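Q: Attaching a predicted model along with its sequence, questions to come.
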Amino acid sequence: MRIATRKELKVIKKLFEQHTPEELADAFVFPIHPDDVKQARKDLEAFRVMRENEIANQSPQERTKNKIYQIKYQIRDFIDSDDGKPYWNFPYFLNEYIRAQGKKDKEFAGDVDVKSYVLSQYLNGHRNPPKEFLIRLELHSNGLIPASWWFRLLQKTKEKELMQDNAIRERERNHVKNKIELAL
């Protein structure tokens, strides 16, 4: 069980000062009265229309910024969880980062001062980038996606590959002798 923070306790105290326990229960347990379902649907539809208009009226810079934020939070989700989409890995997110800016690979390679064939190897998973490249990615994103996240993403990608590669386990089994015998 989690203990409430001081700030949360202040909010809770203020709520109890302003409302009766019954009102609070109604608000948190049954937030929508059955008679208000139609109104809730109308409100939701109005919100959807408003949000679609906001998205349609975004400037290219805002759209790019929002895509970069989306990538950032997807990276964090991938790093912090044991699951995720099967295709999520370092090359995927690097490619998404480049595409979010509407750039071609060659143009982005110039932005971060790497040869285009080297960037291609990173994007195809044929080569792992050095830490200097990860720092360049952080600097390129103006610190929005830290180098440590790119590094952890790279490590998580390697971990995922290691856990799923049964063929290498079978090949390497022949090289192991005198295993530790433990009764489990």
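A: Thanks, I have it. Residues are numbered from 1 along each chain as shown.
Q: just checking, next helix/strand downstream of the helix or strand bottoming out on mean pLDDT in the chain?
A: When the helices and strands of the chain are scored by mean pLDDT, DSSP states H and E, helix 21-29 comes last with a mean of 76. Moving toward the C-terminus from helix 21-29, the next helix or strand (DSSP states H and E) is helix 37-56.
Q: Show the average pLDDT along the helix or strand just after that following helix.
A: Next along the chain after helix 37-56, taking DSSP H and E as the criterion, comes helix 60-80. Averaging pLDDT along helix 60-80 gives 91.
Q: now whichever helix or strand comes after helix 60-80: how far from the chain's centre is it?
A: Note on helix 60-80: by DSSP H and E, the next helix or strand toward the C-terminus is helix 90-100. Distance of helix 90-100 from its chain centroid, counting by CA atoms, centre = their mean, to the nearest Å, is 12 Å.
Q: so what's the backbone phi/psi at the residue sitting furthest away from the middle of the chain?
A: For the chain, the largest distance from the centre (CA atoms, centre = their mean) belongs to N178, which lies 42.9 Å off. Per-residue torsions, N178: phi 60, psi 50 (degrees, to the nearest 10).
Q: ok, so what distance separates it from R2?
A: The spacing between N178 and R2, counted by CB to CB, to the nearest Å, is 47 Å. (Glycine included, C-beta is placed from N, CA and C.)
Q: mind listing what the residue sitting nearest the centre point of the chain touches?
A: Nearest residue to the geometric centre of the chain (CA atoms, centre = their mean): Q74, 1.5 Å. Q74 makes contacts with 88, 93, 96, as judged by CB atoms under 8 Å, 6 or more residues apart in numbering.
Q: Same list (those) but as a markdown table, adding pLDDT.
A: Putting the contacts of Q74 into a markdown table (pLDDT from 0 to 100) gives the following:
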| residue | pLDDT |
| --- | --- |
| W88 | 86 |
| F93 | 95 |
| E96 | 95 |
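Q: Buried ones from those, can you make that a ChimeraX selection?
A: The ChimeraX selection below is limited to those of the contacts of Q74 classed as buried (16 or more other CB atoms under 10 Å):
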select :88,93,96
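Q: Would you tell me which one of the contacts of Q74 comes nearest to Y122?
A: Lowest distance from Y122 to those (CB to CB) belongs to F93, with 11.0 Å.
Q: What distance do you get for the nearest residue to G125 once chain neighbours are set aside to N124?
A: Nearest non-adjacent residue to G125, counting by CB to CB, 6 or more residues apart in numbering: P91, 4.6 Å away. Using CB to CB, P91 is found at 6 Å from N124.
Q: Good, wrapping up.
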